[in-house]
Every structure is written in structure tokens, then in C-alpha cells.
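Chemist: Okay, sequence plus prediction incoming.
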Amino acid sequence: MTTLSGTGTLLRLALRRDRVTTPVWIAVNALMVLSMPNTLKTLYGTESERTDLVRQLQTNASFRALTGPLHDTSLGGLTAWRVGVYAGVLAAVTGLLVVVRHTREEEETGRAELLASGAVGRRAALTAALLAAGAANAVPALVVAVGLAPQGGAGALSLGLGLGAVGMVFATTAAVVAQLTESARLARGLTSAVLGAAFVLRAAGDSASRDGSSPLTWLSPLGWLENLRPFGGERWWVLGLFTAAVLVQAGVAYVLAGRRDLGMSFFPARPGPATGALGSAAALAWRLQRGGLLGWSLGFFVSGVVFGGLAQDAADLVGENDNAREIFERMGGHGALTDAFLASMTGMLGLVAALYVVSSVLRLHAEETSGRAEPLLAAPVGRLRWAAGHLTVAFGGSALIMLLAGLGFAAGYGKEVGPVLGACLVQLPAVWVIGALALLLYGVAPRLAPTAWGVAVAVLLIGWVGPALNAPRIVLDLSPFGHLPKLPGGGMEWGPVLSLLGAAALPASLGLAALRRRDVTA
């Protein structure tokens, strides 16, 4: 038996287990990219509008930090500029989630040990995980290359390859981190931190340079994607950087995988007493989730500062472009342009906060399926008391990150602290509706719990892409965020807010009731 024996079987198992979640991520990423040409054609349909955009990017460092430099004013070039970085982030998230799930999470739950008792090689699981991540990144790369081909074959191919390459860089980063840590949660967190650092480096470099030539930009794989320059005089040699990074990190992961015992890691988790700070179910839930909440909190505060700083130049960013003004107003209401910009950005952070609340609520599912919940529930700890700790972190944590986002907006904008804080906090009822639906799915049918990600991503897609595509009102109303008052600038409407709070309370109550009555699965 070789070290790769059983790779094909494990790959088929991985693809089967990911048959719901991975296609959702692929569809969202591909749709976001392919929907842009028509939208941008409406926004920047004339040469004067495109010239004005180039002028804004050359003079506004904050704008460049948000979207990156513009290398070409064709529709393809505008698409790569507008969504390239964010599509790269989604590709990276897909890659790291797939690899961690099929390596460290399998070991943490004990399933890898059962599989290893058969004819499975030492490096088969790692190989299967990387191949699954490769498939998850190859499909959207192909879809983007084909879908954007009418805008230019070479540019479409380079953008598709760049997105797939970014995904594989962070997939192999996750493969290395999974060997070093003993927890899937920590592996995901550390790899996400690397991704966040890459985004910050790219943003800092782009703010300092008009063409992406800053050394800080070149330190980030997201910066490599920009400097590949799809539709703007492609630099094919940049793909060599991606290839080298993937090969080096994959090689390190394979070496480390061969030097440790199954289930162990090079940096094992520190054992701690179940007394004092860990003496209750709520304290344990806080200990398990505090690292993730800290990362989200920092990210939201920094995002608020950046968006708040951009709000001062909102009129300059839009200029005389009536179509761009209309989209901001559709997202943020029919107030002054600055208020509409602030409302649209706070709404966007609310949509992202829905991802946090889903991930935090589904920590209950992870604890149950891993077998860690059963010993706790065997002690004098009731199910509702056990769940309450995690739900407090989920729903209270979402309030905290939106509060910090509001403080970031206030710091960046420098005025109207109360209205901006209110605009962030008013997003919470819609965020809690998504979290309540995740709790309902987990409580009633644990096997369907991961589909809560599909709900959150669908809401994100409606709120992000819907206004740009001029989606009909009936589609926008499918999202709970579509019923919130548009603050700042608009009037506060308590009716929709209270209705959404009631809409969150009902599925949450049903989910807890179902959890109390059903069997605990392992």
C-alpha cells in the first residue's frame, strides 16, 4: 500500500459531502462576476464617464484601496477591476473551507481514524482534499473564462485562471495550517487571518500606488491577481508566482503530514481545567467562539473606518453619473447622496453579519456531530442551557460587530455619530431572522443545518447584486433586509423592525423546542 492509496475513494466521498455547499459558493462567485458587464455598461456607458472614473482612481487613494487600480476601461477591464479582488476572496474562502473540512475536521471528529483502518494511505486524505479544492476552483474559473469570452478571450482566460489560482494558494495554506493545529476551528481562523492580512496588504499597497506596483501589493496573492492585469495587457508570468506558492505550500503540507500521528498536530491544543473560567456551558461556548468573534469585530471596525472615510468623497466617487447615483439610492434610500452611500454600506455590512450569525449558530451542529456535546449533556446540563451559551455569542456577537462597525463609520466619517450608529444597529433584526432560520434548521433537521449557508448567501446575493441588476421589488422583498428603514437619511419606521423581531423569535422558538425533543446525533 502506498501513501496515496484510497485517494480516489476519498475524493468521491469529499465531492459527495460537498454537493450542496460548494456549488452554492461557485454559483455566487460566478454570478457576481458574470453579472458585472451589463451593470457596468449602464454605469459607465460613455467615454466621458470612464475618463472621469480613471481620474477619480488616480486622485482618491481610499477608492483604490477599496477596489484596486483600473488597468483598462473596456467592459472586461471594468469587470476585473470592480469584482476581481472580491471574487478572489470568495475563491480563497471556498478553497480553505474545503481543505480544512476534509483534513483536520475529519481527524477531529474521528472519521479519519475509521477510514485509516482500511486501505488508505497516510497522505491520501490530504491529496483528496486538495483535489476537491482544485475542482471547486476550476469550475468557476472555467465558467468565468467562458462567460466573459465575448469581452476578450485572453482577458477572460487570465481572470478565470487568476481566480482559480488564488483559491488554490489559500487551499494549500489551509493544508499547511491543518497540520500545525489540532482544531478545525483554529485552522479555519488562522487561514482566514492570513487571507485578511493579504487583503489589508493589497489595500495598503493600492492606496499608495496608482498602478498596483507597490511592494505591499506584491506581497499579497490578491495583489498578484490585480497585477495579472486581465483585459489590460495580460502579464502571464504572474501565474508563475501562484504556481510556485501552491507547489511550495503543498510540499510543506505533505512533509508535515508524513511526520505526525493521526489526530495530532505540531502545535497541540493546551489542556485546561473545566473549572473557573470554563466552569459552565455558557463560559465554554464563549471560550470556543471568542477568537472568531474577535476577528469579526476587528474586521467590521476597520471596514467601518474605511467606508466612513469614503463617505466624505461619495459625491466625487459618483460624480455626474446618474446611473451610479440611482443604484446607491436603490440600496440606501432616496436621501442625500452621502446618506444613501452610508445606508448602502451599512446595509452591506449587515448582509455580511448574517454570515457571522449563521457560522456561530451552526457551531451547535459542529459540537453535536463531533461528539463533544454528548459528554456535556450527560452531565447536569440541559439542552437549552447548553444551546443558550452558543446562541448568546451568536446573537449578542452580531450586535457587537454591528456596534463596532458603527463606531468605525463614526471614526472614519467624523460626524453624525448617532445616525450612523443607528443605521448599523437597525440591521440587527434582519440579521437575527437569518440566525433564527439557521437555528430552526438545526433544531428540526440537523442534516439540513448546512443549508442555512445557502439561505445567507442567497440573501447576500439579493442585497448586493439585486439593486445593480435593477431586480424587481418582489425579488428584493424576499430578503429581510429589504424591509428595513434606510438610515441615515430616511425616517425611522418601527413597524418593520418589530415585525422582523417577531419573525426572528418564532423560528428560534420552534428550533429550540425541536432541539429539546429530538435525539442527539453523533
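Modeler: Good, I have the coordinates.

Chemist: any chance you could map the helices in the stretch 51-200 of the chain?
Modeler: Secondary structure of the stretch 51-200 of the chain (DSSP state H, counting those that start in this stretch): helices at 61-67, 75-102, 104-109, 111-116, 124-147, 153-180, 184-208.

Chemist: just checking, what packs against the third one?
Modeler: The criterion is 3 or more CB pairs under 8 Å, 6 or more residues apart in numbering; DSSP states H and E, and the helices and strands that helix 104-109 contacts are helix 111-116, helix 184-208. C-beta coordinates here come from the backbone N, C-alpha and C atoms, glycine included.

Chemist: Please work out the average pLDDT along that helix.
Modeler: What helix 104-109 shows for mean pLDDT is 80.

Chemist: swap in stretch 70-79?
Modeler: 84.

Chemist: and the nearest residue to residue 148 once chain neighbours are set aside, how many neighbours does it have?
Modeler: Nearest residue to residue 148 in three dimensions, chain neighbours excluded: residue 156, at 3.7 Å (CB to CB, 6 or more residues apart in numbering). Counted with other CB atoms under 10 Å, residues neighbouring residue 156 total 23.

Chemist: Surely residue 156 touches residue 143?
Modeler: No - Residue 156 is beyond contact range of residue 143, at 10.4 Å (criterion: CB atoms under 8 Å).

Chemist: Tell me who's in contact with residue 33.
Modeler: Taking CB atoms under 8 Å, 6 or more residues apart in numbering, we find residue 33 in contact with 79, 83, 87, 140, 144, 147-148, 159, 163.

Chemist: Then residue 483?
Modeler: By CB under 8 Å, 6+ apart, the neighbours of residue 483 are 430, 477, 496, 499-500.

Chemist: Show me where the stretch 201-350 of the chain has its helices.
Modeler: Using DSSP H, counting those that start in this stretch, the helices of the stretch 201-350 of the chain run over 215-218, 221-227, 239-257, 281-311, 314-318, 322-332, 337-361.

Chemist: Next one: residue 478 relative to residue 490, how far apart?
Modeler: From residue 478 across to residue 490, the span is 21 Å (CB to CB, to the nearest Å).

Chemist: about what we covered before: quick check, nearest of the contacts of residue 33 to residue 374?
Modeler: Using CB to CB, residue 140 comes nearest to residue 374 of the contacts of residue 33, at 38.2 Å.

Chemist: residues near the closest one, how many?
Modeler: When neighbours are counted by other CB under 10 Å, residue 140 registers 28.

Chemist: Make 4 the first number, not 1, from now on.
Modeler: Yes, from this point I'll number from 4; that puts the last item at residue 143.

Chemist: how about residue 450, secondary structure?
Modeler: The three-state assignment at residue 450 reads helix, by DSSP: H, G, I helix; E, B strand; the rest coil.

Chemist: hang on, the earlier thing: just name the most buried of the helices and strands packed on helix 107-112.
Modeler: Of all the helices and strands packed on helix 107-112, helix 187-211 has the most neighbours on average by mean count of other CB atoms under 10 Å, namely a mean of 21.

Chemist: any idea of the mean pLDDT for it?
Modeler: For helix 187-211, the mean per-residue pLDDT is 82.

Chemist: pLDDT weak spots in the stretch 404-525 of the chain?
Modeler: Applying pLDDT under 70 to the stretch 404-525 of the chain flags residues 468-474, 525.

Chemist: For residue 26, grab the count of nearby residues.
Modeler: 13.

Chemist: I'd like to know how far it sits from residue 174.
Modeler: 17 Å.

Chemist: rewinding a little: as TSV, the helices of the stretch 204-353 of the chain with mean pLDDT would be great.
Modeler: Output for the helices of the stretch 204-353 of the chain, formatted as TSV (pLDDT from 0 to 100):
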stretch	mean pLDDT
helix 218-221	90
helix 224-230	92
helix 242-260	93
helix 284-314	82
helix 317-321	56
helix 325-335	54
helix 340-364	84
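
Chemist: And residue 444, how close does it get to residue 25?
Modeler: Relative to residue 25, residue 444 is positioned 18 Å away (CB to CB).

Chemist: actually residue 500, not the one I typed
Modeler: For residue 500, the distance to residue 25 - CB to CB - is 35 Å.

Chemist: okay, these two: which has more neighbours?
Modeler: Between residue 500 and residue 25, counting by other CB under 10 Å, residue 25 is the more crowded of the two (22 against 17).

Chemist: just to revisit the earlier point, which of the helices of the stretch 54-203 of the chain sits closest to residue 457?
Modeler: Nearest to residue 457 among the helices of the stretch 54-203 of the chain is helix 78-105; the distance by CB to CB comes to 14.0 Å.

Chemist: Run the angle between that closest one and helix 242-260 for me.
Modeler: Angle, helix 78-105 to helix 242-260, by axes from the mean of the first three to the mean of the last three CA atoms, to 10 degrees: 0 degrees.

Chemist: list the helices and strands helix 78-105 packs on?
Modeler: With 3+ CB pairs under 8 Å, 6+ apart as the test, helix 78-105 has helix 10-20, helix 24-37, helix 39-46, helix 64-70, helix 127-150, helix 156-183, helix 187-211, helix 224-230 packed against it.

Chemist: after the helix or strand containing residue 367 comes which helix or strand?
Modeler: Using DSSP states H and E, residue 367 sits in helix 366-372. Per DSSP H and E, the first helix or strand lying C-terminal to helix 366-372 is helix 376-381.

Chemist: Can you show me the CA trace of that following helix as CSV?
Modeler: Once non-C-alpha atoms are left out, helix 376-381 reads as follows in CSV (Å, rounded to 0.1, in the frame of the first residue of the first chain):
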residue,chain,number,x,y,z
ALA,A,376,-21.8,17.9,23.1
GLU,A,377,-22.8,14.4,24.3
PRO,A,378,-20.5,14.3,27.4
LEU,A,379,-21.7,17.8,28.3
LEU,A,380,-25.3,16.8,28.1
ALA,A,381,-24.6,13.7,30.1
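
Chemist: Show me which positions of it end up buried.
Modeler: Buried residues in helix 376-381, counting neighbours by 16 or more other CB atoms under 10 Å, are found at residue 376.

Chemist: cool, and stretch 362-375?
Modeler: 362-373.

Chemist: So what touches that stretch?
Modeler: Under the contact criterion CB under 8 Å, 6+ apart, stretch 362-375 has outside partners 111-113, 188, 288, 291-292, 295-296, 376-377, 390, 393-394, 396-397, 400-401, 438, 441-442, 445, 449, 452-453, 455-456, 523-525.

Chemist: try stretch 290-307
Modeler: 188-189, 192, 195-196, 199, 203, 280-281, 352, 355-356, 359, 362-363, 366, 370, 393, 396-397, 400, 403-405, 407-415, 427.

Chemist: how does it look with 7 Å?
Modeler: Residues outside stretch 290-307 that contact it (CB atoms under 7 Å, 6 or more residues apart in numbering) are 192, 195-196, 199, 281, 352, 359, 363, 366, 393, 396, 400, 403-404, 407-412, 415.

Chemist: Just the buried ones from the residues you listed?
Modeler: For those, a burial check counting by 16+ other CB under 10 Å picks out 192, 195, 352, 359, 363, 366, 393, 396, 400, 404, 407-412, 415.

Chemist: what residues are up against residue 58?
Modeler: By CB under 7 Å, 6+ apart, no residues touch residue 58.

Chemist: if you look at the contacts of residue 486, which of them are in helices?
Modeler: 433, 499, 502-503 (DSSP state H).

Chemist: which of these sit farthest apart?
Modeler: Pairwise distances across the ones in helices among the contacts of residue 486 (CB to CB) peak at 10.8 Å, for the pair 433 and 502.

Chemist: Same drill for the two, tell me which one is more crowded.
Modeler: Set side by side, residue 433 and residue 502 show more neighbours around residue 433, with 28 against 15, by other CB under 10 Å.

Chemist: Quick check: chain neighbours aside, which residue is closest to that one?
Modeler: Among residues not flanking residue 433 along the chain, residue 483 sits closest, at 3.9 Å (CB to CB, 6+ apart).

Chemist: What separation do you get for residue 22 and residue 453?
Modeler: Counting by CB to CB - residue 22 and residue 453 are separated by 11 Å.
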